[in-house]
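Engineer: sequence first, predicted model second:
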4 protein chains.
Amino acid sequence: IEDSPHEECGIVAVASASQPVSSLAFFGLYALQHRGQEAAGIAVSNGKTLHVHKDEGLVSQVFSPATLDPMVGDLAIGHTRYSTTGAPGARNAQPFVIETLHGPIGVAHNGNLVNAPALRQELLTNGAGLSSSSDTEVMALQLAGADGDSWEERLANAMKQWEGAYSLVVLTADRILAARDPWGFRPLSIGRLSDGHVIASETGALMTVGCTHLREVEPGEIVTLTTALARTRGVLEPHSPGARCTFEHIYFSRPDAVWDGLSVHQVRQRLGAALAEEHPADVDVVIPVPDSSTPAAIGYAAALGVPYNEGFVKNRYIGRTFIEPTDALRKMGVSMKFNTLRDNIDGKRVAVIDDSIVRGNTSGPLLRLIRQAGAKEVHLRITCPPITNPCYMGVDMGTHDELIAHHLSVEEIREHIGADTLGFLSLETMMAALGRTDGYCNACFTGEYPIAIDGIRSKQDFEGALG
Amino acid sequence: IEDSPHEECGIVAVASASQPVSSLAFFGLYALQHRGQEAAGIAVSNGKTLHVHKDEGLVSQVFSPATLDPMVGDLAIGHTRYSTTGAPGARNAQPFVIETLHGPIGVAHNGNLVNAPALRQELLTNGAGLSSSSDTEVMALQLAGADGDSWEERLANAMKQWEGAYSLVVLTADRILAARDPWGFRPLSIGRLSDGHVIASETGALMTVGCTHLREVEPGEIVTLTTALARTRGVLEPHSPGARCTFEHIYFSRPDAVWDGLSVHQVRQRLGAALAEEHPADVDVVIPVPDSSTPAAIGYAAALGVPYNEGFVKNRYIGRTFIEPTDALRKMGVSMKFNTLRDNIDGKRVAVIDDSIVRGNTSGPLLRLIRQAGAKEVHLRITCPPITNPCYMGVDMGTHDELIAHHLSVEEIREHIGADTLGFLSLETMMAALGRTDGYCNACFTGEYPIAIDGIRSKQDFEGALG
Amino acid sequence: IEDSPHEECGIVAVASASQPVSSLAFFGLYALQHRGQEAAGIAVSNGKTLHVHKDEGLVSQVFSPATLDPMVGDLAIGHTRYSTTGAPGARNAQPFVIETLHGPIGVAHNGNLVNAPALRQELLTNGAGLSSSSDTEVMALQLAGADGDSWEERLANAMKQWEGAYSLVVLTADRILAARDPWGFRPLSIGRLSDGHVIASETGALMTVGCTHLREVEPGEIVTLTTALARTRGVLEPHSPGARCTFEHIYFSRPDAVWDGLSVHQVRQRLGAALAEEHPADVDVVIPVPDSSTPAAIGYAAALGVPYNEGFVKNRYIGRTFIEPTDALRKMGVSMKFNTLRDNIDGKRVAVIDDSIVRGNTSGPLLRLIRQAGAKEVHLRITCPPITNPCYMGVDMGTHDELIAHHLSVEEIREHIGADTLGFLSLETMMAALGRTDGYCNACFTGEYPIAIDGIRSKQDFEGALG
Amino acid sequence: IEDSPHEECGIVAVASASQPVSSLAFFGLYALQHRGQEAAGIAVSNGKTLHVHKDEGLVSQVFSPATLDPMVGDLAIGHTRYSTTGAPGARNAQPFVIETLHGPIGVAHNGNLVNAPALRQELLTNGAGLSSSSDTEVMALQLAGADGDSWEERLANAMKQWEGAYSLVVLTADRILAARDPWGFRPLSIGRLSDGHVIASETGALMTVGCTHLREVEPGEIVTLTTALARTRGVLEPHSPGARCTFEHIYFSRPDAVWDGLSVHQVRQRLGAALAEEHPADVDVVIPVPDSSTPAAIGYAAALGVPYNEGFVKNRYIGRTFIEPTDALRKMGVSMKFNTLRDNIDGKRVAVIDDSIVRGNTSGPLLRLIRQAGAKEVHLRITCPPITNPCYMGVDMGTHDELIAHHLSVEEIREHIGADTLGFLSLETMMAALGRTDGYCNACFTGEYPIAIDGIRSKQDFEGALG
């Protein structure tokens, strides 16, 4: 639903001696489309030069055979991007490609450097010019100027200066480097092809391109891919405990992702089951807000022994459109996204399962639809705690001001959205459902950030510097 | 899934004195996108002249504020179209708009006239020229030349010559006419706005634009809409029994549709339950082929008392792309549409529920994915009988040659696709699940066509006459 | 310049057994681009079916290798179109292609039928439906319904009903027909290829595609082309005297055209020389309004023994832009089309030669530019008489109201535009310069139309019927 | 004609407190379109941030009201670009905009730095990353890192390192800087608006936007524009003598340009007259190769006392098309660009005036057309000496290998192209016609480069580094 945190990127890298790497990168991005719908790009190395194609739009809109087929080579990286409103997408689209003293490089990044403003200022002070507002350019320029006799060394040296969340892939003329920050905020996994390797933000993308034998790029690790080898080296000591983003399990990742050894679909079922224990409801039917809450609703219903069913129908053919109902039409009941299934709701006590409440502007209308369909009671259950703090690690949650739970208590939220009862999963129960006691970042729920954020502005604050 | 029959159109009509009719037609078409993704169009009357905008593409691609906003008036009709391969979509896009002796008219049609070739020949013999291969143009030209003092009379006279399936809306300068053939093959329903009416192929579209108090346009009936009134007259004696398309329940309609007084989502759950009785399976989990089979799988699982769960993940961001995996990549496991959820399948006996098998080319790969995910047994259950005959009533099922059940027995199909067991719902049980004994067209299962089709070629046969 | 009458079409037809006819049609249209810049189209026959591609835009924008290469066959026709403001170009674009009882036909037309409204009404009364406002559709539908055992006979019968100006080409599955009205208003010529023939509005287009041995399609004649033959038959008695459009010599045709046995460039030089005799000017330099007036200025200067030179520089890269100077900018001197060459003008007495004055809104600004460049005197000379009447024969001159010479005397016009002296060529001298005493239509100068136009509205009046 | 040297850019800058600067920049670029047709861009400052829009295509294609109107501010710069084949235009399109320590800057440049490779290497060695292959980025990055307390000082310091040809404009948040190299290779002029100033590559563009009181930006000078003032300072000692590009007079500049105090149209007439003296021809008519040679042909004809006339007709509606005649069609006489005017040529002895011969591949076909039109004799006269050396100062003349005069003598060229006689203007006579003895770069004729080019590769050699 619209009231969701926004992941800021999906990345992919392909090394293959015999397969068309640009096509594989495309299929990988296609499977990562949910991580960013604003812009997409692919860069390919033919061993000497890099060719890049990137533009605003969905992966399927940005690429066609005419743009993809000429990108011939053995190595490719790709990126799909969510951008905050106002920042011109095309200029900030990735991969970011530059010529350096040591040859051309391309960088695709998922995350957010909390010290990007300082690093940016340092670059400018040294006389650099920056053509975008993205921290990816900052990282690329630091790589260009880093000490070291190899790209691996230069990347290792650059990483020492980076604080924050980063999962990134770097394309050079003859290799691909992949790296992940020592906290392991954002996911990044590696899979094997018959004649090479693929790296992607989620294992689902690896599955889509036919990979087997998967593992994660470890926190603090650099993995080097050529068509012949996949070499790995620990570069930064992994932070202990780590700080994986819990929201990857709750909402971001596709349900076919496996992360931290956990199946996301299974985790979501367990979150539902745990919610049933913590916040049971005496209802006739359990329905999800499609599509992300479906596994949790299945788990909730099974744990309660109450029938699971669908209650909302979501338009499957949502393309980008600038045509929206006016407020007048909205009041008349015009609604582009969801219809209800009256026969599954009418006369029933209904539990509605949703993954999160961020700004709180969509739960109310959804519950209203349920009541209009004849529900006798409506009980809303959320598979995570109230979100009270912004994220500085690569997710657009909005600012303090925008977060409803920063202002209102659970009871006030319940009244605001018109639920009969409202239950958020507690932090402890949530972590128990994951089967983990630590190793995760829950700062959006707790305000306890794994990295000091004194004086740090969120990513959104310094976007748009060049207009 | 790809191996599906294709509905050949969705239609909508709007009469409203105070709302923006072009926007309402757009939102209606948006909700009917699943009925045709090749082309879309809207025509609006300002009381004197008609303005039309139509093009190839999704509804969201064909229309923008720039094309929609200038279409000002009180009356609108719209159309979304599926076209058979090779026929140039833009020329055949609807609404079809012409000037006639009695002023301009626009026609949007869902269905297929089985006597269109004869009517076409008759028009040509009378000296007419035809600019497209569509039967909609034939209908429009017959309307232009029909006897009668009003559009209602002319439409009534034209309908006497039409044999086959037609649900259509006609826009004139000062009114909208809607009509449905006497068998009632294809759906068409009418809803009330605060200051007008909307007609659409499915009730879900009526719900999307905020309508209440719905009923069907009856078989053989003409409904006249102006902003002031909605008048109806019986024109052709409804055929008894009728011949509603069973496939609307099984696959075409969105689950939020209500047709023949039946909720489609409920019908699908009952089809699943009936299937459980007719073809039970000793399994650990029941999974649907998303998205159309989800309610049937819920019903099947509930009836058996076996857990329902998701086993496939479908890419939600499918835009049109001309980039497809090559055969070589496909063999390597590259697959753009579905991934599996191993943890829900591994080591389990699995029942997979699908709505139908048409050409039979996708069930095999899907079952293979399930086995690769570790299923111990795979049992495929289909919510309708084997399809052995083409449709001449507006659905592209393919030709006899293409239909797998025309060539192979159930056992041969089972072996071909690699299922441990395979069960099709019988005709009797399917109708019992609907709660109907007659009134439906099941010709694709039985070969017993409600209308004589001697010497009739299928719609596809005469497309492309103009190249 | 902007203040020009607008020709309403260029047409081309190609029959060739071994050359790519779609490419030749493209090159022919490319050379006829000056006859219409709003839309372009080509239809090709492969012996059985017709394929058409047409759209709004310049010939070079409408066609690409991707659209042109698939159009394979031995016969092609093409069209480039100027459309009056407001009429939606794409729907009225030509060739107009329809299926008829006798197979598919495509029609491309240059001219205007003065009895089109009556013929249109007759078609509607007979029950036809019309999908555009163009008289070309009327002609195509009349062809579809005409009596006769062959397309030649049907065309001959249809021509008997047509009054007005028409040069047209008709493409059928196995032949091309070309015809011209008995007055011969608009040009149409035929040339020979090594293995076929080409027909085009102007001989320059024939030259562009490498033709030799040119002659005109005669007034009242039908020419039939296949790849094997070019057969001709007189069908309607040529009207005597004929009524060729004088404006083809004065302005429309490219200077490389040869028509009525006359080189257009030579005619324009002679018009200039005649103007020097009828309206000499005591000047230091003679300059043309580029580009159409250049030959007349050369002739004027030579006859007077005064130097010819350029005084205006015209932007050569004029693409279509919707960005125009505002009135405020225009007053500040912003001018997109012409700059002056001060050194050729400053301190001089200047004769400016222009082809015509229609609405009279551009002569003033042009003369002002000349004065700002330092001219001591400015004498404007026009190579035709004042235009006092609209054209109903296929040219958009504007209405009576819009024609400046319908309202103002020569002296008033002179004062209005700010010339020191102003001279229009007289009708007699103009015809003498052509070397003809009759055979031309000069209705726009005299109001004496060759065809009765009682009750006839101009083409513009009934455009836009369908909005 | 195709066989022409290519200018590599046109630039414009606008400072105005009350006029729409983005529109004025657009109109200025529109008038500079002949200096580059591959890409165009405009950057505007609103006093704080810069907004840029740039893309491949003609100025009229790159900009629309939708892209132009939102660019609001008091200061603008613009650029239109010719790019050598293969280099991806969009990435190299200008203005080049970056964020620096001192705020954002945009740079638009016409010329070529001969030491760009060394400067580029220096930047890379200092750890910079470069995102394009253009020397404009090198200049921008040097500006970003230059010493100085103001942009004027930083630009002055950067200029000390630049060797070669550069006319450039720099946009900062609050001012525009314009500068020209000390040799003055490329033109750059300044004009006054009622409330500001405009700077452009040619005075014709200044005239187009309504400027008065023009002068050049002097060699070695920096001009600072704000809406309130235009301040100038000499920064580098002008080289004496200077090295203006003679080809601006011969071919590049529009005839309405005034440069070095000379009217280009007048200069071309004098070049024609001088050619008549140096290489007279006993002919019946003098014709230009349109459009650039028209003034020279007028001058040549007047000096000989022989009639000037047009002999070629050039297609005025040349849009970019990828459809070209095949060799087979070319042999059949298909020719898209020029037709001949037989009546002006047939039976005559003809002098053809052209501006230059570079690769020598178009003169032959043109002369053949003249002979086919019946010329008894064909005498080709060229308004400059043979081009024997490449340009390293911002013009794409081709390499040594590609220059016909590098390989063949005048007599051999004459024979190669099939002229009866061939005359090139001598260097001395050319300079005499200009009225200058020195101050011009004639290296393409003499090989004497004003700047040492040891080890310098031409601009083309290092393009495409990033593919």
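Structural biologist: Yep, that arrived. Since this is a predicted model, take the numbers as computed values, not measurements. Residues are numbered from 1 along each chain as shown, chains lettered A, B, ... in the order given.

Engineer: please count neighbours and contacts with C-alpha atoms only from this point.
Structural biologist: OK.

Engineer: thought A:V286 was touching A:L304?
Structural biologist: No. With contacts counted by C-alpha atoms under 8 Å, A:V286 stays clear of A:L304, the gap being 9.4 Å.

Engineer: comparing the two, which residue is more hemmed in?
Structural biologist: Set A:V286 next to A:L304 and count neighbours by other C-alpha atoms under 10 Å in any protein chain shown: A:V286 wins out with 29 against 19.

Engineer: what strand or helix carries the more buried one?
Structural biologist: strand A:285-288 (DSSP states H and E).

Engineer: rounded mean pLDDT for that strand, please.
Structural biologist: Averaging pLDDT along strand A:285-288 gives 98.

Engineer: CA atoms only: put the helix or strand just after it into PDB for me.
Structural biologist: Later in the chain than strand A:285-288, the nearest helix or strand by DSSP H and E is helix A:294-304. Output of helix A:294-304 as PDB, limited to C-alpha atoms (Å, rounded to 0.1, in the frame of the first residue of the first chain):
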ATOM      1  CA  THR A 294      -0.600 -12.300   2.800                       C
ATOM      2  CA  PRO A 295       1.800 -14.700   4.500                       C
ATOM      3  CA  ALA A 296       1.300 -13.000   7.900                       C
ATOM      4  CA  ALA A 297      -2.400 -13.300   7.500                       C
ATOM      5  CA  ILE A 298      -2.100 -17.000   6.700                       C
ATOM      6  CA  GLY A 299       0.000 -17.500   9.800                       C
ATOM      7  CA  TYR A 300      -2.400 -15.400  12.000                       C
ATOM      8  CA  ALA A 301      -5.400 -17.300  10.700                       C
ATOM      9  CA  ALA A 302      -3.800 -20.700  11.200                       C
ATOM     10  CA  ALA A 303      -2.600 -19.900  14.700                       C
ATOM     11  CA  LEU A 304      -6.100 -18.800  15.700                       C
END
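
Engineer: now do the strands in the stretch 101-250 of chain A.
Structural biologist: In the stretch 101-250 of chain A, the segments counted as strands under DSSP state E, counting those that start in this stretch are A:103-113, A:164-172, A:176-180, A:189-193, A:196-200, A:212-216, A:221-225, A:230-234, A:244-245.

Engineer: name every strand pairing with the shortest one and say which way it goes.
Structural biologist: Partners of strand A:244-245 in the sheet, by DSSP bridges, are strand A:440-441 (parallel).

Engineer: same question for the fifth one.
Structural biologist: Strand pairing for strand A:196-200, determined by DSSP bridges: strand A:9-16 (antiparallel), strand A:189-193 (antiparallel).

Engineer: got the angle for the first one vs strand A:164-172?
Structural biologist: In this structure, strand A:9-16 runs at an angle of 30 degrees to strand A:164-172, with axes from the mean of the first three to the mean of the last three C-alpha atoms, to 10 degrees as the basis.

Engineer: check the shortest one too.
Structural biologist: Between strand A:189-193 and strand A:164-172, the angle formed by their directions is 30 degrees, by the same axes, to 10 degrees.

Engineer: dump strand A:189-193 to PDB, keeping only the CA atoms.
Structural biologist: Extracted in PDB, the C-alpha atoms of strand A:189-193 (Å, rounded to 0.1, in the frame of the first residue of the first chain):
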ATOM      1  CA  SER A 189      23.900 -12.400  -1.900                       C
ATOM      2  CA  ILE A 190      26.000 -14.400  -4.400                       C
ATOM      3  CA  GLY A 191      25.000 -17.300  -6.600                       C
ATOM      4  CA  ARG A 192      26.700 -19.600  -9.100                       C
ATOM      5  CA  LEU A 193      26.000 -19.900 -12.800                       C
END
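
Engineer: for it, buried residues please.
Structural biologist: For strand A:189-193, the neighbour count (16 or more other C-alpha atoms under 10 Å in any protein chain shown) marks A:189-193 as buried.

Engineer: in chain A, which helix is the longest?
Structural biologist: Longest helix of chain A, by residue count under DSSP state H: helix A:264-278.

Engineer: and that one, what does it pack against?
Structural biologist: helix A:294-304, helix A:427-434 (3 or more C-alpha pairs under 8 Å, 6 or more residues apart in numbering or on different chains; DSSP states H and E).

Engineer: please identify the most buried of these.
Structural biologist: Mean neighbour count (mean count of other C-alpha atoms under 10 Å in any protein chain shown) peaks for helix A:294-304 among the helices and strands packed on helix A:264-278, with a mean of 26.

Engineer: who touches that helix?
Structural biologist: Residues from elsewhere that reach helix A:294-304 (C-alpha atoms under 8 Å, 6 or more residues apart in numbering or on different chains): A:265-266, A:268-277, A:280, A:285-288, A:307-308, A:352-353, A:383, B:308-310.

Engineer: can you name the element that comes right after it?
Structural biologist: Of the helices and strands lying after helix A:294-304 in sequence (DSSP H and E), the nearest is strand A:312-314.

Engineer: which other helices and strands contact that following strand?
Structural biologist: Secondary-structure packing of strand A:312-314 (3+ C-alpha pairs under 8 Å, 6+ apart): strand A:338-340.

Engineer: now the strand it packs on: average pLDDT?
Structural biologist: Strand A:338-340 comes out with an average pLDDT of 94.

Engineer: tell me the strands beside that strand, with direction?
Structural biologist: strand A:312-314 (antiparallel).

Engineer: next secondary structure after the partner strand?
Structural biologist: Downstream of strand A:312-314, the next assigned helix or strand under DSSP H and E is helix A:327-332.

Engineer: which residues of the stretch 351-467 of chain A score low on pLDDT?
Structural biologist: The model of the stretch 351-467 of chain A has pLDDT under 70 over residues A:454-467.

Engineer: can you pull out the strands in it?
Structural biologist: For the stretch 351-467 of chain A, the strands defined by DSSP E, counting those that start in this stretch occupy A:377-382, A:395-396, A:421-424, A:440-441.

Engineer: right, so those: which one is the most enclosed?
Structural biologist: Among these, strand A:377-382 has the highest mean neighbour count (mean count of other C-alpha under 10 Å), at a mean of 24.

Engineer: just want the angle from that one to helix A:264-278.
Structural biologist: Interaxial angle of strand A:377-382 relative to helix A:264-278 (the same axes, to 10 degrees): 130 degrees.

Engineer: and the contacts of strand A:377-382?
Structural biologist: For strand A:377-382, contacts defined as C-alpha under 8 Å, 6+ apart pick out A:275, A:279, A:281, A:348-357, A:367, A:370-371, A:419-425.

Engineer: who does it pair up with?
Structural biologist: strand A:349-354 (parallel), strand A:421-424 (parallel).

Engineer: give me the pLDDT for A:H213.
Structural biologist: Per-residue pLDDT puts A:H213 at 73.

Engineer: quick one: it from chain C, how far?
Structural biologist: A:H213 sits 43 Å away from chain C, taking C-alpha to the nearest C-alpha, to the nearest Å as the criterion.

Engineer: tell me how many other residues surround that residue.
Structural biologist: Counted by other C-alpha under 10 Å, the residues lying close to A:H213 total 9.

Engineer: go on, the one 5 residues further on?
Structural biologist: Neighbours of A:E218 under the rule other C-alpha under 10 Å: 21.
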